[in-house]
Structure formats: structure tokens, C-alpha cells
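Trainee: mind looking at a prediction? Sequence and model below.
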Amino acid sequence: MTHPFIPKLDAFGGIEIHYAELNDYENNCYVVVDAASGKTLVVDAADAAPYVLGLVDAARESAAQAGRPEIAPVGVLTTHSHPDHWQALAEVKDALAVPSLAGEADAGEIPVPTDRLVNHGDTIELGETVLELIGLRGHTPGSIAVVIRQPGEATRILTGDSLFPGGIGNTWDDPERYRQLLTDCVERIFRRFPDETVFYPGHGLPSTIGRERGFLNRWRLLGDLDPVDPSTDRYLGEA
């Protein structure tokens, strides 16, 4: 990697998200920790297993310095089946002795066996924190986003390669896949979560739902879809 490995931390409520880029493709790995219990989920062991395990070590050090329970990894979730998101999966899974999780429709394309198949609406328990999984179809059939809530804090969503600052994920000029992915992003994210919601993509930098919401009609036009009344893209509340 031509730029340094720099772990970052987003701490909010009782959650810590340790994250970093792992390679020159800016693949992100996320280590989500429930501070009260130490339960920990790795999301996208994308590349460079020593860096992924370095993030886990950073979470372990943070817990020790704060006098909290030692972290206890419970699994490695792969957001989708593309190889740049699972190249370190086998090594990390073995090193942590934890099960792997992936979207049911994508698991067959991941060469490391998936121990738990997940789908839209499923949940993962991290101590007292319940993570919601959202299916975002189009970039791949079984892409999964992870919703992390804490009382009184802005929600965080790990969106894989389905939603980025500036647009949705690649659908390879397939109009139906583009329509499906944009529809899922609008219905399952933009209409369900308020503007202050922070989302972390599979590559590059985070953004907020509010920063991107006003561009939805532009994204429709880019996919040869008809624009809609912008009021229909507003936050409608949790469904």
C-alpha cells in the first residue's frame, strides 16, 4: 500500500467503530464494538489480514485503557461477494476463531464457507446492541448494509459498495440493476433515516444522508429514470 495504514475511531453512545483503508483501492474494514459487553463484529476483511487484525488490536487496546470488558469477536460479516471485500476473510476468520456471515444470495460466490446466511431485516446481537441488516440489491443480489443505533446519537450505517458519497454503487450499465439499487437505497435508507445519519461506504470517505438526499433526482436522471417530486424523498420515519 502506497499510503500509510491509519486506524480511525468513531465513538458514540456505547459503540466504537474502528476503521481504516486497507489497500490502494481504498477498501475499508470496520470493527464494531459494543463497549459494555466487548462483543465485536468485523465488517469486510477486505485485504491485508495483518491490518484487519491491527484494527482488532486497536479495539482491544481501547477497551483495556478504558477499563472495559475485553473485546470478544463474534463474527466477520462480508457485505457482498466481490473479491476485494473478502481477500483476508479466511485468515482473519481463523485467527479470531469466529463464524463468517454473508448475504444468502451472495454467499455462493465467496470461496470461504459462510457459517450464517443473512437477509434483509435480519439482526445481529452485540451485547445489548442490536444491529439491523438491510438488503440493497443491484450491485450484487445479496449486498448487505449494517445499521448501528445508539440512544440520543446519530445512526451509523455501513453501506458496503451500494451507497457512496455522490451516488449508488456500480451496476455495470444494467438499467434494471440500477433501478433496483436506487429504489432500495431510497426506500430502505433515505426514507427511513434522518439527515444526520452517517453512512460509511466500502471504499473512501463517509457522508451523511442529508448531504446526499438532494441529489436523488440527479441519480435518477443518470440512470435514465424519471425524476420525482423531491418531497417524496423526505425522511418518513422508521417503518
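Mentor: Perfect, I can see it now.

Trainee: from now on I want contacts and neighbour counts done on CA atoms only, so please keep to that.
Mentor: Fine.

Trainee: what is the burial count for Gly152?
Mentor: 8 (other CA atoms under 10 Å).

Trainee: now do Gly103
Mentor: Neighbours of Gly103 (other CA under 10 Å): 27.

Trainee: Thr114 too?
Mentor: 20.

Trainee: next, the contact list for the closest residue to Asp34 other than its chain neighbours, please.
Mentor: The shortest distance from Asp34 to any residue other than its chain neighbours is 5.0 Å, reached at Ile15 (CA to CA, 6 or more residues apart in numbering). Each residue near Ile15 by CA atoms under 8 Å, 6 or more residues apart in numbering is listed here: Val32, Val33, Asp34, Ala35, Gln150.

Trainee: buried ones from the residues you listed, can you make that a PyMOL selection?
Mentor: The PyMOL selection below is limited to those of the contacts of Ile15 classed as buried (16 or more other CA atoms under 10 Å):
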select buried, resi 32+33+34+35
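
Trainee: name the nearest of the contacts of Ile15 relative to Asp47.
Mentor: Val32 (17.5 Å; CA to CA).

Trainee: so what does the helix or strand harbouring that closest one touch, helix or strand wise?
Mentor: Val32 is part of strand 28-34, with elements assigned from DSSP states H and E. Secondary-structure packing of strand 28-34 (3 or more CA pairs under 8 Å, 6 or more residues apart in numbering; DSSP states H and E): strand 15-21, strand 39-43, helix 49-66.

Trainee: mind listing the strands the first one pairs with, and their directions?
Mentor: When pairing is defined by DSSP bridges, strand 15-21 lines up against strand 8-12 (antiparallel), strand 28-34 (antiparallel).

Trainee: which residue ranges form the helices in the chain?
Mentor: For the chain, the helices defined by DSSP state H occupy 49-66, 89-96, 175-185, 209-213, 216-222.
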